[in-house]
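Student: Sequence plus predicted model, see below.
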Amino acid sequence: MGIPVKITVIGAGSATFSMGLVKDLCLTENLAGSHVTFMDIDEARLERIHRLAERYITELGGKITFDRTTDLAQSLQDADFVINTAGGEYGSMEERIDLARKHGYYAGAPFGVNYYNLNLMLNVAREIERVCPNAWLIQSGNRVYEGTTLMARETNVKVIGLCHGHYGCINVANVLGIDPDKVTWVAPGVNHTIWLTEFRYEGQDAYPILDEWIATKAEAYWQERADHPEKYGLEDQMSRAVIDMYRRFGLLPIGDTTRGGGWWYKADLETRLHWYGPTGGFLSEVHIGPFLKRHYERIEEIRQVAEDASRSVLEAFPPVKTREQQVPIIDALTNDVPGTFQINRPNEGVIPGIPDDIATEFPAVIDKGGIHPIKMAPLPKKIMLEVINPMVNKAEWELEAFLTGDYDLLLDGLMMIDTFQSGGHTVSYEQAKAYLDDFLAQPYNQDMAAHFKRREPSWAGVLARKAK
């Protein structure tokens, strides 16, 4: 007989994620009798997910109970686990993209706009510390990398950061024509920059299968995607850019790592289309329209199901477990059902060469005794020099800017940071400053503008001295 728990979901209005969580809980017998509190500041979205969850459990005949609140402290009372999926509110994605393009950035400036998410994460962690200090915090909203590092440094909360980019391994297997269920893999790094250090099919090294595919089938695959883009998804785990990164670094990049690579893949749209395929890569001019269309269609579909009591929620959300790790981790920690999970936690020696207090992504065994990281072999020096070390510096830079409110750190970061992930789109000081000032001047950015101030340097008075 399992042990029921109290779970709080922050940002529960994200109905797609929340309903996946509801499904996984209802289908995990060990957690029968558990209670879920949905928390969101948007009352309409909150009401919608609560109504869907109640109908789902009624149709399924499960034993999970639900309530809802817009009050953070109230939602945390007696919580054993807190799942934070929320994002800070600051304008719409369309507004931010239009502003960035106005200043010559293809979709979004590469540095410094995580202020709201980091602020929200830190506030949630501090409230957990005050209200339910023994609870586990499972951080499931971006930015997992910087946010997990920040919360682990600034609070004593037991935090686990989760992302699902590592499931790119399934896409790799499908393209290669091998059974994903017979594939095992290891993909350490830092969040959104992870590398396939071990890749096995039926126990044997599968990298030779990849090499043969590159030599004999890759060009035909890329041509097929270009000729029939409607048959494929919006992004490609096996694009030319990904295979070129494999050539350069000796390991295959996985998940969100494939969106990066360097400025030379992103110089203009024609270049992007060549390297990333027919949609030009994540948030390109071609990608963003279909991406947002699909996003809003899913929201509308969920709204229609929630508002039409005659529709079956089980048909809209079939009772099959998702691949998400939140519920299995809760079951492992509560009911001693051990498993190996891909998580983000402070490094503490797991990946050699990365500071102990930086959150890294690595496999760990989790059971009732807690988290047992699996120590990794060193990543190749080239990956450390060109990718990991700059990403560590970026995190430190951005967290220092966040904690100090230093405007110049933001401005300098736009010009000097994150050339792997975002491509280094700044071409001049004037461009970066014009974008940042315009961004901070937007009505939705008043809080951020108030936080980040230009500071008088300690030596400024020297310049004002009269000549003697």
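Tutor: Received, thanks. Since we're looking at a predicted model, the values are computed, not measured. Numbers count the residues shown, from 1 in each chain.

Student: what's the pLDDT at Ala267?
Tutor: pLDDT recorded at Ala267 is 84.

Student: now the spatially most central residue of the chain, nearest residue through space, not along the chain?
Tutor: Per CA atoms, centre = their mean, the C-alpha nearest to the average position across the chain is that of Asn142, at 4.3 Å. Leaving out its chain neighbours, the residue that sits closest to Asn142 by CB to CB, 6 or more residues apart in numbering is Asn117, at 6.4 Å. (Each C-beta comes from the backbone N, C-alpha and C, glycine too.)

Student: Please identify the helix or strand for that neighbour.
Tutor: helix 115-131 (DSSP states H and E).

Student: ok, back up a step: can you pull the contacts of the residue nearest to the centre of the chain?
Tutor: With contacts defined as CB atoms under 8 Å, 6 or more residues apart in numbering, the neighbours of Asn142 are Gly87, Asn114, Asn117.

Student: Now tabulate those in TSV and tack on neighbour count.
Tutor: Output for those, formatted as TSV (neighbours: other CB atoms under 10 Å):
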residue	neighbour count
Gly87	16
Asn114	21
Asn117	20
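
Student: Of these, which is the nearest to Asp24?
Tutor: Minimum distance to Asp24 across those is 21.4 Å, recorded for Gly87 (CB to CB).

Student: quick one: contacts for Ile128?
Tutor: For Ile128, counting by CB under 8 Å, 6+ apart, the contacting residues are Leu76, Ala79, Val82, Ala135, Leu137, Thr155, Val157.

Student: how about the strands of the stretch 1-150 of the chain, start to end?
Tutor: Assignment of strands within the stretch 1-150 of the chain using DSSP state E, counting those that start in this stretch yields the ranges 6-10, 35-39, 65-69, 81-84, 136-139.

Student: What separation do you get for the residue nearest to Asn142 and Thr37?
Tutor: For Asn117, the distance to Thr37 (CB to CB, to the nearest Å) stands at 22 Å.

Student: What is the burial count for the closest residue to Asp80 other than its chain neighbours?
Tutor: Residue nearest to Asp80 in three dimensions, not counting chain neighbours: Val5, with 4.2 Å by CB to CB, 6+ apart. When neighbours are defined as other CB atoms under 10 Å, Val5 has 23 of them.

Student: that older thread, what's the pLDDT at the residue nearest to the centre of the chain?
Tutor: Spelled out, the predicted local distance difference test score at Asn142 is 87.

Student: Against Ala364, how distant is it?
Tutor: Separation of Asn142 from Ala364 (CB to CB) stands at 21 Å.

Student: What is the three-state secondary structure of Ile366?
Tutor: Put simply, Ile366 is strand when judged by DSSP: H, G, I helix; E, B strand; the rest coil.

Student: tally of neighbours for it?
Tutor: A count of nearby residues for Ile366, using other CB under 10 Å, gives 23.

Student: separation between it and Pro373?
Tutor: 10 Å.

Student: What number of residues are in the vicinity of the nearest residue to Gln139 once chain neighbours are set aside?
Tutor: Among residues not flanking Gln139 along the chain, Gly161 sits closest, at 4.6 Å (CB to CB, 6+ apart). Per other CB under 10 Å, the neighbour tally for Gly161 reads 29.

Student: which residues are in contact with stretch 45-56?
Tutor: The set of residues external to stretch 45-56 that reach it, using CB under 8 Å, 6+ apart, is 12-13, 15, 18-19, 22-23, 26, 36, 38-40, 62, 64, 66-68, 70, 302-303, 305-307, 309, 313-314, 317.

Student: Kindly export it (C-alpha atoms) in PDB.
Tutor: Only the C-alpha atoms of stretch 45-56 are listed here, as PDB (Å, rounded to 0.1, in the frame of the first residue of the first chain):
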ATOM      1  CA  ARG A  45      -7.500  29.300 -16.200                       C
ATOM      2  CA  LEU A  46      -7.400  28.000 -12.700                       C
ATOM      3  CA  GLU A  47     -11.200  27.300 -12.700                       C
ATOM      4  CA  ARG A  48     -10.800  25.500 -16.100                       C
ATOM      5  CA  ILE A  49      -8.000  23.100 -15.000                       C
ATOM      6  CA  HIS A  50      -9.800  22.400 -11.700                       C
ATOM      7  CA  ARG A  51     -13.000  21.500 -13.600                       C
ATOM      8  CA  LEU A  52     -11.200  19.300 -16.000                       C
ATOM      9  CA  ALA A  53      -9.400  17.400 -13.200                       C
ATOM     10  CA  GLU A  54     -12.600  16.800 -11.300                       C
ATOM     11  CA  ARG A  55     -14.300  15.500 -14.400                       C
ATOM     12  CA  TYR A  56     -11.300  13.300 -15.300                       C
END
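
Student: tell me which residues in it are buried?
Tutor: For stretch 45-56, the neighbour count (16 or more other CB atoms under 10 Å) marks Arg45, Leu46, Arg48, Ile49, His50, Arg51, Leu52, Ala53, Glu54, Arg55, Tyr56 as buried.

Student: Quick one: mean pLDDT for it?
Tutor: Mean pLDDT, taken over the full extent of stretch 45-56, equals 93.

Student: Check the offset of that stretch from the chain's centre.
Tutor: Remark: stretch 45-56 is offset 25 Å from the chain centroid, using CA atoms, centre = their mean, to the nearest Å.

Student: how about the helix or strand containing Trp397: buried residues?
Tutor: In the assignment (DSSP H and E), Trp397 maps to helix 389-404. Buried residues in helix 389-404, counting neighbours by 16+ other CB under 10 Å, are found at Pro390, Met391, Val392, Lys394, Ala395, Trp397, Glu398, Leu399, Ala401, Phe402.

Student: Also stretch 132-139?
Tutor: Cys132, Ala135, Trp136, Leu137, Ile138, Gln139.

Student: tell me the contacts of the spatially closest residue to Tyr232 that is not a sequence neighbour?
Tutor: Across the structure, with CB to CB, 6+ apart as the measure, the residue nearest Tyr232 apart from its sequence neighbours is Arg225 (5.4 Å). Listed by CB under 8 Å, 6+ apart, the contact set of Arg225 reads Tyr232, Asp236, Gly277, Pro278.

Student: quick one: the third one and Leu234 touch, right?
Tutor: No: the pair Gly277 and Leu234 does not pass the contact test of CB atoms under 8 Å, sitting 9.2 Å apart.

Student: So those two - more neighbours on which side?
Tutor: Relative neighbour count places Gly277 above the other of Gly277 and Leu234, with 26 against 18, counting by other CB under 10 Å.

Student: For the more buried one, give its distance to Glu270.
Tutor: Taking CB to CB as the measure, Gly277 and Glu270 are separated by 13 Å.

Student: ok, now which ones touch Glu59?
Tutor: Contacts here follow CB under 8 Å, 6+ apart; on that basis Glu59 touches Ser312, Val313, Leu314.

Student: Asn146: neighbouring residues, count only.
Tutor: If you look again at residue 146, you'll see it is Glu, not Asn. When neighbours are counted by other CB under 10 Å, Glu146 comes out with 24.

Student: I'm done for today, thanks for sticking with me.
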